[in-house]
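A.B. asks: next one to model:
(chains A and B)
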Amino acid sequence: QKEVEQDPGPLSVPEGAIVSLNCTYSNSAFQYFMWYRQYSRKGPELLMYTYSSGNKEDGRFTAQVDKSSKYISLFIRDSQPSDSATYLCAMSAISGGSNYKLTFGKGTLLTVNP
Amino acid sequence: GAVVSQHPSWVICKSGTSVKIECRSLDFQATTMFWYRQFPKQSLMLMATSNEGSKATYEQGVEKDKFLINHASLTLSTLTVTSAHPEDSSFYICSAVQDGETQYFGPGTRLLVL
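C.D. replies: Reported below is the predicted structural model:
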């Protein structure tokens, strides 16, 4: 079993739809959770960072963490064609320092159709 | 803020040559930087941790003599792919940690070895 599982999709939705992206993990040591957005041939861009169970909202994006179920989600409201990208979940047991290693999911390719 | 740059953005080289990739944190100091490799439709795989003023720490399976890392200053880390071969063709991405919490990624360097 991989440490982080993420459905690679592809996921195609109409503009304005609510998008739900998910990851599950097996390592209970993971305490810090991130979502990155990666456009084709570009580096990942940090969208959300959280370290506690519950919800964190930033504009149209909501990150949800359920440590008891080892499950994290990213919701995108009112999706736009510009949201079309690959979304990567990432997590770490330690924050900061030289031991701050991120384990990534495979990424979900999202297409928002106008 | 939190901008990380990479140079070059893409490079084509002949088999057997060496290629150097630079990673710079433009507006913050980073004692730790990370190097990742990403194959097409795959997630990011951590190659090594670059520590300013000391030797890099390599992940299992990554040849330290082939992938030379130098963290010369708090804003610059370099990755040199020595005696590159076609199987080294990949997308190389660096990241830097700001404020001990979040990793910010560079735009990536696409390497093609002929």
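A.B. asks: so where's the chain shaky on pLDDT?
C.D. replies: All of this refers to chain A. Under the criterion pLDDT under 70, the flagged ranges of chain A are A:1, A:96-99.
A.B. asks: try chain B instead
C.D. replies: Within chain B, the segments meeting pLDDT under 70 span B:1, B:99-101.
A.B. asks: tell me the centre residue of it?
C.D. replies: Taking Cα atoms, centre = their mean, the centroid of chain B lies closest to B:Trp35, which sits 3.8 Å from it.
A.B. asks: I'd guessed that one sits against B:Asn51; true?
C.D. replies: No. Contact between B:Trp35 and B:Asn51 fails when scored by Cβ atoms under 8 Å: they sit 11.8 Å apart. Using the backbone N, CA and C atoms, a C-beta is placed for each residue, glycine as well.
A.B. asks: what's the distance between A:Asp66 and A:Ser84?
C.D. replies: Separation of A:Asp66 from A:Ser84 (Cβ to Cβ, to the nearest Å) stands at 27 Å.
A.B. asks: separation between the residue nearest to the centre of chain B and A:Ser69?
C.D. replies: Using Cβ to Cβ, one gets 33 Å for the distance from B:Trp35 to A:Ser69.
A.B. asks: and what of B:Gln6?
C.D. replies: Remark: distance between B:Gln6 and A:Ser69 (Cβ to Cβ) = 37 Å.
A.B. asks: neighbour count winner among the two?
C.D. replies: Comparing B:Gln6 with A:Ser69 by other Cβ atoms under 10 Å in any protein chain shown, the one with more neighbours is B:Gln6, at 19 against 10.
A.B. asks: OK, contacts around the more buried one?
C.D. replies: B:Gln6 makes contacts with A:43, B:21-24, B:92-94, B:106-109, as judged by Cβ atoms under 8 Å, 6 or more residues apart in numbering or on different chains.
A.B. asks: what helix or strand is the residue nearest to the centre of chain B on?
C.D. replies: Assigned by DSSP states H and E, B:Trp35 belongs to strand B:32-38.
A.B. asks: thanks a lot, see you next time.
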